[in-house]
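A.B. asks: Sequence first, predicted coordinates after that:
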Amino acid sequence: MFGLLAPAAIDGALGILASPYVLFAILLGTAVGIVFGAIPGFSATMTIILFTPVTIPFEPTTALIFLVSAYGGAVYGGSIPAILINTPGAPGSIVTCWDGYELTKQGRAIYALAVSAIVSGLAGLIAATVLLIFAPPISEFALNFGNPEMFLLAVFALTIIPAAKGSSLSKALLAGAFGLLIGTVGNDPQLAQPRATFGQTALLEGVDFVVVLIGLFVLAEVFWLAYRGTVVTGDHTVQRGVSEVYDAARAVASRPAAFLRGALIGTFIGALPGAGADVANFVSYNEAKRWANDELADRFGSGIIEGVIAADSSNNATQGSALIPTLTLGIPGSGATAALLGAIALHGLNPGPALFDSSGDIVYAMILSLFVGNALILVYGLAGSRYFGKFAYIPIRYIIPSVAVLAVVGGFAVRNAPVDLYIVLLFGLLGVVLVVYDYPLVSLVLGVILGDIAESGFVTGWLLTGESAAAFLFNSYIAIGLLVLIALSLVVTAIKN
Amino acid sequence: MTGITPPVVTVAAGSRTVEIDTGELLFPGLVLAFCLFYYWDTRALPELSMLYAGPLLYATIALALVTAAVQAVSVGGGDGSSDERVESAAAAFDPDTDAGPDDEGIFTVRSAALLVALTAGYVLALEPIGFLTATVAFLAATLYLFGERNPLALAGYSLGFAVGVWLVFVQWLMIPL
Amino acid sequence: MSSTDLGRREFLAAGVTGLSVTAAYGADALGVTERFDEQRVTAIVPWAQGGGTDRSMRITTPAWSDRLGIEFVVENYPGGSTQVGGEELYNADPDGTTVAMWNMPQMQATWLFQNAPYQMESFDYLGTHHWDPTMWFAPPDRPYDDLEEFVEYARENGATVGITSAIGNTALSALLVAETYDLDLTIVNMEGGSGVRQAVLAGDVDAGVNQPWAFNPDYVGDVLALGSHTAEPQDLWPDTPSFADLGLEDVPLVEEGLGQWKLVVVPGGLRENHPDRFERLAETYSAVFDDESFLTEAGNQGGLDEILEYRGPDETAAEVEATSQFMETYADVVENFIYDE
């Protein structure tokens, strides 16, 4: 496997990582991620989106490494308020509450936070290794994809979401198709004729997916937060001292199987489009319960450390593997990776199968920075979770207006187009509808993201294969393989439903 | 889930009843409306421009109709599907509320709706009245809505945060807000 | 919560907030919140980062800025086949703080075949930058070695041809060749120079129309150069016959040469209302082409220095006029393609 690694690019990447600026970007990014992740209502997706414009003045490498580090930090940081105030910082930490908060009630918050930091950091390292091993061959393989294959890949990415997420087939497909249709707004690629642009010049270029992402994942979340609120109860006695951290290390060391199971589940689920930390922590928790003996299984939810290990080893492991389809195919499987993809494009890199080829050193530097970042999560988490924990107590009434303002400003900053302000608002409202009626938000965003790939793949492929459906669909073994995968994911979802 | 359950309409046809969950019609309906506009807007375009978008448009319409039929309509009645609706992961989280009495009545459908209205007003006001003014007013109003009553905190935070954002985005990043 | 029951604290809160809103409004109104440093020139690029126009602009602005004494900020407005950036320029104040690098005949196509609100007269023209001739490429394994043989081949078998943009010099060249020899060509827009390059390298198309610099001369030897849409052979791509060499003079625009100009455009009215500023921009821009570091940098960009071709404001305006005329002359060819296919 390692024979496929491009040594020149790795060398370049190590050179990049040796720069003090880049190391500082990892240090700062991870800390920023943990802080914002620790604020209730702030997910990794929001953290990346809101910091992306701030990285514009910086060099692409530094900027992207900062954002990747913030992403990892934010996934871990989401567990801090889950443990301290029973409010997950992000959907990926919902399960952490179940045992983590019980431990806090027992006065063992530091113990739980330390375990969370240890398993998060270590699981992140495992996933980063998987990414480093699998991403290069996959990207190499993806270079064989022609036009019909890119179209079929886009369709596959949309059909596997309901299978991975367990949502309704018709709802997921409708959201995905609507996303693809939104993706066709603007000039058509062949003749440059405007479609559904509402007379807006900015829309000739199409609807920017980052704007849609901000509406669906940031503004809608704020609206939802305004209804849901949160519960802050912070009056628990807290045992302090090094012994708690020592206990935590022992707790993890004595349960290697539990930790590894969670990390591998997270790594696997993270690589699926549409399923991220939010799915992984539920699955991991359920599996941990299933594997436990009856006596232990009954105690899940009562404040046992196995629960925290199951939740937090899985959610941080999703980051590394979620980057596999994002970096190799240009297909992000979650809100956070979609936001990262937006940042990659904003910094002038071309996401897609050619990314490793054209910007290998930057991509490898991003991947390698994950090793540093996850090691830092361990350090920061063990040394400072108490301080990061302070951010969990920021009142929600301050978070709501601040994030709303940042969503609006960020939406405008994407390309300085006033029409984007209204698009953010519209998708913010639409996001609430989608959440209430259980449509997968990621299907819609992915549809918009894949709109261009799907359209040029279809049109170019169709014209070049002599406008015949058979020649198009059976263009290559890869195309046939993708057709089989599409059929499989539809059948699996239909059976599940 | 207080207050946001759109009505379920029951239609009796002979011995059978058909129940329509109108809330489930919302998204398919919005999609259909957009498709209608899209069709109208692109009807005169050359064939090559719609080679992909045309079939996609029809597929989307078909999916919207199927979704509306499958999700909203149930024959026979009794098993109101809205009860077993699974929320998204974020929504599924339901904290065991041991909130103080102060929090009661702050996070409601009404305040969420007011937030939506305020945000819409903010977006509309940005251009005519300027970034700083609109932002300070929006922040103050929203803070008040969600229960901040300390005048110093209210004004200080609104002004401070707005100026901070303005410094970062307008001065440093040169976003022409 | 009810507003009828306004307590003292609420009243104070309302008062203080009202004051801060007023203060903010005052600041806005007094212009305190304008950007501090208005002294900079916005350089609009109607294409994405990393493309040929973007690279040309970015190697030009440092030397230009040295001579002008004002900083440049390059802003990319891709989309609408350059119409998005075009409208940005059209709406900018003609005060000398906005310039754009555009390409012809793409520029004319946005008002001739799209719904752009501006015309040729809506802009003033500062000078040209370089001229890249239209050239045909093919994968090396095909049974033809030049465009004449390709025409024979396509007459028998039909052919697929990749072009760089919906309506521009590459589309026009493909359409003119197809029309002149009555060929059945499937013309596919690959959305950019690198798209055509990839399609040719991968053998997805029978021929690709591009310009030699945009195709990237690093790939000499990997592909077959079929011919350039010119009377004389061009300099950048070795051993490539011109259309005239191949005896393809029946194709229109061979004598004049069909290629892609890059030029610097400013909002209309600048020359008339601020002749001093226009002159200053034009003089400093023309001096860029004598700048050693600029020429070195251009040489590093795949031999751009070899095709640099500066013309002054009046000559540039004449070139824009000429290009507009031939685009109008062949408008029906383009429109047949759009509406009949």
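C.D. replies: Nice, I can see it.
A.B. asks: May I ask you to confirm that B:Ile175 belongs to a strand?
C.D. replies: No - counting by DSSP: H, G, I helix; E, B strand; the rest coil, B:Ile175 is not found in a strand; it is coil.
A.B. asks: Now for it: which residues touch it?
C.D. replies: A:Pro53, A:Val409, A:Phe412, A:Ala413, A:Asn416, B:Phe169 (CB atoms under 8 Å, 6 or more residues apart in numbering or on different chains). In this view, the C-beta of every residue, glycine as well, is placed from N, C-alpha and C.
A.B. asks: and residue 182, what pLDDT?
C.D. replies: No chain in the question, so chain A it is. Residue-level confidence at A:Ile182 comes out at 97, pLDDT.
A.B. asks: please go with chain C instead
C.D. replies: Taking C:Asp182 on its own, its pLDDT is 93.
A.B. asks: residues in contact with the spatially closest residue to it that is not a sequence neighbour?
C.D. replies: Of all residues not flanking C:Asp182 in the chain, C:Arg155 sits nearest, at 7.8 Å (CB to CB, 6 or more residues apart in numbering or on different chains). Contacts for C:Arg155 were tallied using CB under 8 Å, 6+ apart; they are C:Tyr181, C:Asp182, C:Leu183.
A.B. asks: From the residues you listed, which land in helices?
C.D. replies: Using DSSP state H, no member of these falls in helices.
A.B. asks: out of the residues you listed, which is most surrounded?
C.D. replies: C:Leu183 (19 neighbours; other CB atoms under 10 Å in any protein chain shown).
A.B. asks: what sits against the closest residue to chain C within chain A?
C.D. replies: For chain A and chain C, the shortest gap (CB to the nearest CB) falls at A:Glu205, measuring 2.4 Å. Contact analysis of A:Glu205 by CB under 8 Å, 6+ apart lists A:Gly186, A:Asn187, A:Arg415, C:Pro78, C:Gly79, C:Gly80, C:Val84.
A.B. asks: Including neighbour count, could the residues you listed go into a markdown table?
C.D. replies: Output for the contacts of A:Glu205, formatted as a markdown table (neighbours: other CB atoms under 10 Å in any protein chain shown):
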| residue | neighbour count |
| --- | --- |
| A:Gly186 | 26 |
| A:Asn187 | 24 |
| A:Arg415 | 20 |
| C:Pro78 | 19 |
| C:Gly79 | 23 |
| C:Gly80 | 26 |
| C:Val84 | 26 |
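A.B. asks: Taking those residues, tell me the two that lie furthest apart.
C.D. replies: By the measure CB to CB, A:Asn187 and A:Arg415 form the most distant pair in the contacts of A:Glu205, at 15.4 Å.
A.B. asks: So which residues on the stretch 151-300 of chain C come close to chain A?
C.D. replies: Within the stretch 151-300 of chain C, the positions lying close to chain A (CB under 8 Å from any CB of the partner chain) are C:Thr160, C:Ser165, C:Ala166, C:Ile167, C:Thr186, C:Val188, C:Asn189, C:Met190, C:Glu191, C:Ala202, C:Asp204, C:Val205.
A.B. asks: filter those to the buried ones?
C.D. replies: C:Thr160, C:Ser165, C:Ala166, C:Ile167, C:Thr186, C:Val188, C:Asn189, C:Met190, C:Glu191, C:Asp204, C:Val205 (16 or more other CB atoms under 10 Å in any protein chain shown).
A.B. asks: from the contacts of A:Glu205, which ones fall inside helices?
C.D. replies: C:Val84.
A.B. asks: now, among the contacts of A:Glu205, which is nearest to B:Ile129?
C.D. replies: Nearest member of the contacts of A:Glu205 to B:Ile129, counting by CB to CB, is A:Arg415, at 22.9 Å.
A.B. asks: and that closest one, what does it touch?
C.D. replies: So A:Arg415 contacts A:Ala202, A:Glu205, A:Asp208, C:Tyr77 (CB under 8 Å, 6+ apart).
A.B. asks: Repeat the analysis, applying 7 Å as the threshold.
C.D. replies: Counting by CB atoms under 7 Å, 6 or more residues apart in numbering or on different chains, A:Arg415 touches A:Ala202, A:Asp208.
A.B. asks: how far does stretch A:88-102 sit from the chain's center?
C.D. replies: 17 Å (CA atoms, centre = their mean, to the nearest Å).
A.B. asks: CA-only coordinates of that stretch in PDB, if you can.
C.D. replies: C-alpha atoms of stretch A:88-102 as PDB (Å, rounded to 0.1, in the frame of the first residue of the first chain):
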ATOM      1  CA  PRO A  88     -24.200  18.300  23.400                       C
ATOM      2  CA  GLY A  89     -22.200  20.900  21.600                       C
ATOM      3  CA  ALA A  90     -23.000  19.100  18.400                       C
ATOM      4  CA  PRO A  91     -25.200  16.200  17.300                       C
ATOM      5  CA  GLY A  92     -22.100  14.000  17.400                       C
ATOM      6  CA  SER A  93     -22.000  14.200  21.100                       C
ATOM      7  CA  ILE A  94     -25.600  13.500  22.000                       C
ATOM      8  CA  VAL A  95     -24.700  10.000  23.300                       C
ATOM      9  CA  THR A  96     -21.900  11.400  25.400                       C
ATOM     10  CA  CYS A  97     -24.500  13.100  27.600                       C
ATOM     11  CA  TRP A  98     -26.000   9.800  28.700                       C
ATOM     12  CA  ASP A  99     -23.200   8.600  30.800                       C
ATOM     13  CA  GLY A 100     -21.000  11.700  30.800                       C
ATOM     14  CA  TYR A 101     -23.500  13.900  32.600                       C
ATOM     15  CA  GLU A 102     -24.300  11.200  35.100                       C
END
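A.B. asks: residues in contact with that stretch?
C.D. replies: Counting by CB under 7 Å, 6+ apart, A:37-40, A:42-44, A:75, A:77-83, A:86, A:112, A:116, A:276-278, A:281-282, A:285, A:300-304, A:307-308, A:311-312, A:315, B:89-90, B:93 sit against stretch A:88-102.
A.B. asks: May I see the ChimeraX selection of the buried members of those residues?
C.D. replies: If you want just the buried ones from these in ChimeraX, going by 16+ other CB under 10 Å, the selection is:
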select /A:37,38,39,40,42,43,44,75,77,78,79,80,81,82,83,86,112,116,276,277,278,281,282,285,300,303,304,307,308,311,312,315 /B:89,90,93
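A.B. asks: Keep only those of the contacts of stretch A:88-102 that are in strands.
C.D. replies: Among these, no member falls in strands (DSSP state E).
A.B. asks: Provide the secondary structure category for B:Thr10.
C.D. replies: B:Thr10 is classified as strand under three-state DSSP.
A.B. asks: Now for the buried ones among the residues of the stretch 151-300 of chain C next to chain A: which two are most distant?
C.D. replies: C:Ile167 and C:Asp204 (21.6 Å).
A.B. asks: Can you show me the helices along the stretch 351-497 of chain A?
C.D. replies: Along the stretch 351-497 of chain A, the stretches classed as helices by DSSP state H, counting those that start in this stretch are A:355-388, A:396-413, A:419-436, A:441-464, A:469-473, A:477-496.
A.B. asks: okay, these in TSV with mean pLDDT, distance to chain C and mean neighbour count next?
C.D. replies: Putting the helices of the stretch 351-497 of chain A into TSV (pLDDT from 0 to 100; distance: least, CB to the nearest CB, whole Å; neighbours: other CB atoms under 10 Å in any protein chain shown) gives the following:
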stretch	mean pLDDT	distance to chain C	mean neighbour count
helix A:355-388	89	9	21
helix A:396-413	90	12	24
helix A:419-436	94	12	22
helix A:441-464	92	5	25
helix A:469-473	91	13	14
helix A:477-496	91	14	15
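A.B. asks: Quick check: the gap between C:Ser173 and C:Pro46.
C.D. replies: 21 Å (CB to CB, to the nearest Å).
A.B. asks: Have a look at the two and say which one is more surrounded.
C.D. replies: Set side by side, C:Ser173 and C:Pro46 show more neighbours around C:Pro46, with 29 against 26, by other CB under 10 Å.
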